[in-house]
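Enquirer: Need a 3D model of the following:
(chains A and B)
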Amino acid sequence: KAGVTQTPRYLIKTRGQQVTLSCSPISGHRSVSWYQQTPGQGLQFLFEYFSETQRNKGNFPGRFSGRQFSNSRSEMNVSTLELGDSALYLCASSLGGTGRPDTQYFGPGTRLTVL
Amino acid sequence: GNSVTQMEGPVTLSEEAFLTINCTYTATGYPSLFWYVQYPGEGLQLLLKATKADDKGSNKGFEATYRKETTSFHLEKGSVQVSDSAVYFCAFARGAQKLVFGQGTRLTINP
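Expert: Just a heads-up that it's a prediction; the model follows:
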């Protein structure tokens, strides 16, 4: 079974621009979560989508948004980029329908650099 | 609030040494506990997990036991290899697909 895929793997943007990252979950997984990884703050939860609905949200500003499509693929958007948004963005998928925390399987990440 | 505290790194050991990476958590109720590993340039891989008190997770020679009374989930391996060099993250989740991670422990194994 193919793993979680993320595109693109690397991105370079300038301040003020916006960016869209894509994540394709493992086949059959309906939950997709996004995390931001930085040297200073570590791994932080952004949001989770399940069956096209945002089910959980972390403490990030409204510039960070996401959506999920009917095939469970998810996109994350960051508008008005700031230097501090430079990070590795990780997507994780899981079955998500059990009501208890499922094992999350992570993709390789998208490395975003904001200049 | 909810948090995970991991042993600070970096940790450097010789091959075949015994490894312990300490992890304690602060959370209400009965969270599920996880250890993830991140190899250079890669995403996170699940190493092991435990979902209830006294459960022991194990994989690839690594073990960790869910200790509710001490709110701990320490990672151990009896004999480490050079290929175990990576960053290790302890994490928990409660009732949702939202992992709370520790800061990570960088492990280097020298031959």
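
Enquirer: Check what pLDDT A:Gly99 gets.
Expert: pLDDT, A:Gly99: 67.

Enquirer: Please apply the same query to B:Ala27.
Expert: 88.

Enquirer: and the closest residue to it other than its chain neighbours, how many neighbours does it have?
Expert: In this structure, B:Ala27 finds its nearest non-sequential neighbour in B:Asn2, 4.9 Å apart by CB to CB, 6 or more residues apart in numbering or on different chains. (C-beta placed from N, C-alpha, C; glycine too.) Burial of B:Asn2 is recorded as 13 neighbouring residues (other CB atoms under 10 Å in any protein chain shown).

Enquirer: buried stuff in the least confident helix or strand in chain A by mean pLDDT?
Expert: Every helix and strand of chain A was ranked by mean pLDDT, DSSP states H and E. The lowest is strand A:53-57, at a mean of 91. By neighbour count on 16 or more other CB atoms under 10 Å in any protein chain shown, the buried set for strand A:53-57 is A:55-56.

Enquirer: so the residue lying closest to A:Thr38 once chain neighbours are set aside bridges to which residues?
Expert: Nearest in space to A:Thr38, with sequence neighbours left out and distances taken as CB to CB, 6+ apart, is A:Ala87 at 4.6 Å. For A:Ala87, the beta-bridge partners are A:Leu112 (DSSP bridges).

Enquirer: now do B:Leu44
Expert: B:Leu44 has the following beta-bridge partners by DSSP bridges: B:Gln38.

Enquirer: correct me, but it touches B:Phe34?
Expert: No - counting by CB atoms under 8 Å, B:Leu44 stays clear of B:Phe34, with 9.6 Å between them.

Enquirer: Quick check: phi and psi at the closest residue to chain B within chain A.
Expert: Taking CB to the nearest CB as the measure, chain A has A:Pro101 as its residue closest to chain B, at 3.5 Å. Phi and psi for A:Pro101, reported as degrees, to the nearest 10, are phi -60, psi 120.

Enquirer: Which residues of chain A lie near chain B?
Expert: Within chain A, the positions lying close to chain B (CB under 8 Å from any CB of the partner chain) are A:4, A:31, A:33, A:35, A:42-45, A:48, A:50, A:55-56, A:58, A:90, A:92, A:94, A:96, A:99-109.

Enquirer: Give me the number of neighbouring residues for B:Arg94.
Expert: By other CB under 10 Å, neighbour count at B:Arg94 equals 16.
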